[in-house]
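# next input, structure requested:
(one chain, ligands or ions: 1)
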Amino acid sequence: MVMKTPLVNFRRMSVPTPWWVVLTLAVPLLLFRLCRLVVRNRRLLPEVAAVVVLVWAWAEYGWAPLLLGASLAAGLVGLWLWRWPESCRRWLVLPMLSRWRRLWAYWRQWDEAMTLCGLVKTYDGGRKVPTLLSVRCTYATDEVRLRMPRGQNPEIYHKAGSNLAYSFGSRHCRVFSGRRTSPPIRDGRWAWLLRLVDRVRFRDRPRHVWLVFIRRDPLTQVVSPLPVQARPDFTALPLGLREDLEVYTLRLLATHLLIAGATRMGKGSVIWSLVRSLATAITSGLVRVWALDPKGGMELSIGRPLFARYCDDDWPAMADLLDRAVAKMRERQARLRGKVRVHTPTVDDPLIVIVIDEIAALVAYLPDSELRGRINASLALLLSQGAGLGVLVVAAVQDPRKEVLSLRDLFPTRIALGLTDRAQVDLVLGDGARDRGALADQIPLTSKGVGYVLLDGQPEPARVRFSYISDDLIRDMAATFPAPAEPQSVTVHTYRPSPRPASGPLLPSKLRAALESTQDGEAA
Ligand SMILES: Nc1ncnc2c1ncn2[C@@H]1O[C@H](COP(=O)(O)OP(=O)(O)OP(=O)(O)O)[C@@H](O)[C@H]1O
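Next up, the predicted model:
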């Protein structure tokens, strides 16, 4: 056994121990350490207090009154849960669960897990362990907030995500570098004060990282169709459920949407969930959906009455439809130039949503190269200029590679359903998305309609499941929310090659010809 020699051996020096000096130094030091221990573990104080009170009550009164008190409390909680389950879960069950999980699942093995996951740093002979700050449980997830030691950034936690998940007995752990909730909207007399408090509470904390452990996967269940909104909010259209059981809403206004997914992974459910969320606006004429189904109408024809314009087997007609959209966009551009920066949909000037199921069939696989070029040119114009002008493109694709879809990067909003190859995840959601947790290539074949999306203002992808809209429901929607007749009859142009003009135009010749003919038609 190693004996520790005292720093100063007063006895050998034949000097009486100066107890007053020792006590003056040691007592404050001990008190300081005790205070630091309490402050560091202050979140455990309620548990410690509860144990102390229980032990005291048991010693004072014996076990019988304790048992009686516990039964009474259990009865009251049971009654609360039975009569007001929502409030009971919110105010009692989830907070208690959060405390329990913090203590048992995280605090107990925090040091070991952080060390084994390689997240502990050493400095000046000491260990710098990430600090466990809080644990908040929802029905499906545990949200753990930690403070990184100096010398780390959230990227390290993204990389360790999988190890962290298994270390804490879960299969998935999503890592977020920013706060996941925004400050509440305050009104009333004390709103100014609450807003001030919120400014401090919700201030940016770059050293905090949020680990979201999925305790139970709510996305294994099929998501039922969400209710149709009376007045759709184009900035938050409800399309499905997130894995934290929040409703996933899509911001459609002023964006284009690309849905990438391997065959039979549920691209149709994204399209139909979107159409359903727009249903009342479709029937009021505020939104006009122009649908192209190059796969011969296998997906979209069933909801034909919902679409203001529709093509499924006539390639030149599809090209004409896109040309019409470009003409509409140009006309709006001329009208709104210098007045507004983003078009506001009205019944007279509606939002045009061009839905294309399997866009690759139009831009890559179409054998007629001239027609293909014309379609590519129209789509490039729509995608690069149409968003702010209220002419939006929503397209589904199986293969997101550039060779197939050269226009991919012109879609600002993208959804990755189950994909076949891990490299495709970054192609769809952007560089590093897979490392940040978008495991779209690992979505099992049985999880149709499950995918990853990027939420506003967050670099980390979220997993969602889109609502499943059955064929019967689509028929029902088509009968209940048909699109009003188009103001002008649909002119289906037949494709006529025209000679290339001598001077270099901004638009391809075919497109220019088509636009001119359309504008002539509209002027007439
Ligand atoms: N959100 C969903 N929830 C549950 N099941 C779904 C969902 N979406 C689709 N499915 C099921 O998966 C099958 C394939 O869906 P869907 O046709 O939408 O896939 P897809 O990706 O559009 O296929 P394709 O590549 O052939 O166009 C459907 O028949 C349906 O039963």
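# name the residue of the stretch 1-150 of the chain that lies nearest to the ligand.
Going by Cβ to the nearest ligand atom, the ligand is nearest to residue 140 of the stretch 1-150 of the chain, at 17.6 Å. Using the backbone N, CA and C atoms, a C-beta is placed for each residue, glycine as well.
# ok, now the stretch 401-524 of the chain?
Closest to the ligand within the stretch 401-524 of the chain is residue 449: 2.1 Å, counting by Cβ to the nearest ligand atom.
# picking up where we left off before, wouldn't the residue of the stretch 1-150 of the chain closest to the ligand be in contact with residue 246 here?
No: proximity of residue 140 to residue 246 does not meet the contact threshold set by Cβ atoms under 8 Å, at 10.1 Å.
# mind giving me the domain split of this protein?
Taking automatic domain parsing as the criterion, the chain consists of the domains 34-63, 98-182+201-216, 237-523.
# starting at the chain centroid, how far to the first one?
The reference is to domain 34-63. Centroid separation between domain 34-63 and its chain, computed with Cα atoms, centre = their mean, to the nearest Å, is 40 Å.
# again with the second one
Shown here is domain 98-182+201-216, whose average C-alpha point lies 19 Å from the average C-alpha point of the whole chain (Cα atoms, centre = their mean).
# quick one: name the residues of the stretch 301-450 of the chain near the ligand.
The stretch 301-450 of the chain has residues 398, 448, 449 near the ligand, with proximity defined as Cβ under 6 Å from any ligand atom.
# where does the protein dip in pLDDT?
1-15, 457, 487-524 (pLDDT under 70).
# the closest residue to the ligand within the stretch 101-250 of the chain - how many residues pack around it?
Nearest to the ligand, among the residues of the stretch 101-250 of the chain, is residue 222, at 4.4 Å (Cβ to the nearest ligand atom). Using other Cβ atoms under 10 Å, residue 222 is surrounded by 11 other residues.
# nearest residue to it in space, please, no chain neighbours.
Leaving aside its chain neighbours, residue 222 sits nearest to residue 468 (5.0 Å; criterion: Cβ to Cβ, 6 or more residues apart in numbering).
# what distance do you get for the one you found to residue 357?
Applying Cβ to Cβ, to the nearest Å, one obtains 17 Å for the distance of residue 468 from residue 357.
# which of these two has more neighbours?
Set side by side, residue 468 and residue 357 show unequal neighbour counts under other Cβ under 10 Å, the larger going to residue 357 at 23 against 18.
# tell me the SS of residue 90?
Here residue 90 takes the helix state, with states given by DSSP: H, G, I helix; E, B strand; the rest coil.
# residues of the protein that sit close to the ligand?
Residues of the chain lying close to the ligand by Cβ under 6 Å from any ligand atom are 222, 261, 263-269, 299, 398, 448-449, 466, 468.
# determine which two of the residues you listed are furthest apart.
Using Cβ to Cβ, the residues of the chain next to the ligand reach their maximum pairwise distance at 222 and 398, which is 22.1 Å.
# helices along the stretch 301-450 of the chain, start to end?
Ranges of helices in the stretch 301-450 of the chain, per DSSP state H, counting those that start in this stretch, are 315-336, 360-363, 369-385, 422-429.
# so which of the residues of the chain next to the ligand are in strands?
Among the residues of the chain next to the ligand, the members falling in strands (DSSP state E) are residue 466.
# only alpha carbons, please: show stretch 45-55 as PDB.
Listed in PDB are the C-alpha atoms of stretch 45-55, where the atom choice follows Å, rounded to 0.1, in the frame of the first residue of the first chain:
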ATOM      1  CA  LEU A  45     -31.700  18.000  -5.700                       C
ATOM      2  CA  PRO A  46     -35.400  17.200  -5.900                       C
ATOM      3  CA  GLU A  47     -34.600  13.500  -6.100                       C
ATOM      4  CA  VAL A  48     -32.200  13.700  -3.100                       C
ATOM      5  CA  ALA A  49     -34.800  15.800  -1.200                       C
ATOM      6  CA  ALA A  50     -37.500  13.200  -2.000                       C
ATOM      7  CA  VAL A  51     -35.300  10.300  -0.700                       C
ATOM      8  CA  VAL A  52     -34.400  12.300   2.500                       C
ATOM      9  CA  VAL A  53     -38.100  13.000   3.200                       C
ATOM     10  CA  LEU A  54     -39.100   9.400   2.500                       C
ATOM     11  CA  VAL A  55     -36.400   8.000   4.800                       C
END
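# how far away is residue 339 from residue 346?
Counting by Cβ to Cβ - residue 339 and residue 346 are separated by 14 Å.
# so which of these two has more stuff around it?
More neighbours surround residue 346 than the other of residue 339 and residue 346, with 11 against 6 (other Cβ under 10 Å).
# show me where the stretch 401-524 of the chain has strands.
Under the criterion DSSP state E, counting those that start in this stretch, strands of the stretch 401-524 of the chain are mapped to 413-417, 450-454, 461-466.
# for the ones you listed, give me JSON lines that also has mean neighbour count and distance to residue 126.
Rendered in JSON lines, the data for these read as follows (neighbours: other Cβ atoms under 10 Å; distance: least, Cβ to Cβ, whole Å):
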{"stretch": "strand 413-417", "mean neighbour count": "25", "distance to residue 126": "43"}
{"stretch": "strand 450-454", "mean neighbour count": "25", "distance to residue 126": "39"}
{"stretch": "strand 461-466", "mean neighbour count": "25", "distance to residue 126": "36"}
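# quick one: closest of these to residue 187.
Where the strands of the stretch 401-524 of the chain are weighed against each other on Cβ to Cβ, the nearest is strand 461-466, at 28.8 Å.
# just list what that closest one packs against, helices and strands only.
Contacts of strand 461-466 with other secondary structure elements, assessed using 3 or more Cβ pairs under 8 Å, 6 or more residues apart in numbering; DSSP states H and E, are made with strand 237-242, strand 247-250, helix 267-277, strand 450-454.
# given the shortest one, what are its sheet partners and their directions?
Read that as strand 247-250. Paired with strand 247-250 in the same sheet, following DSSP bridges, are strand 237-242 (antiparallel).
# what sits up against stretch 159-179?
Contacts made with stretch 159-179 from outside it, assessed by Cβ atoms under 8 Å, 6 or more residues apart in numbering, are listed as 105-106, 109, 113, 116-119, 142, 154, 157-158, 202, 205, 208-215, 217, 243, 435-437, 457-460, 462-463.
# just the buried ones among the residues you listed, please.
Of all the contacts of stretch 159-179 considered here, the ones buried according to neighbour count by 16 or more other Cβ atoms under 10 Å are 105-106, 113, 117, 119, 142, 154, 157-158, 208-215, 217, 243, 436-437, 460, 462-463.
# which of the helices of the stretch 301-450 of the chain sits closest to residue 481?
Within the helices of the stretch 301-450 of the chain, the stretch nearest residue 481 is helix 315-336; the backing value is 21.4 Å (Cβ to Cβ).
# and the angle for that closest one with helix 369-385?
30 degrees (axes from the mean of the first three to the mean of the last three Cα atoms, to 10 degrees).
# and the residue of the stretch 251-400 of the chain found nearest the ligand, how many residues sit next to it?
The stretch 251-400 of the chain approaches the ligand most closely through residue 268 (2.6 Å), counting by Cβ to the nearest ligand atom. For residue 268, the count of nearby residues is 23 (other Cβ under 10 Å).
# my read: it touches residue 299, true?
Yes: taking Cβ under 8 Å as the definition, residue 268 is a contact partner of residue 299 at 5.1 Å.
# mind listing the shared neighbours of those two?
By Cβ under 8 Å, 6+ apart, residue 268 and residue 299 have these common neighbours: residue 357.
# sorry, back to before: list the contacts for the residue nearest to residue 222?
Taking Cβ under 8 Å, 6+ apart as the criterion, residue 468 is in contact with 222, 223, 224, 225, 266, 269, 448, 449.
# just the buried members of these?
The neighbour count (16+ other Cβ under 10 Å) marks 223, 225, 266, 269, 448, 449 as buried among the contacts of residue 468.
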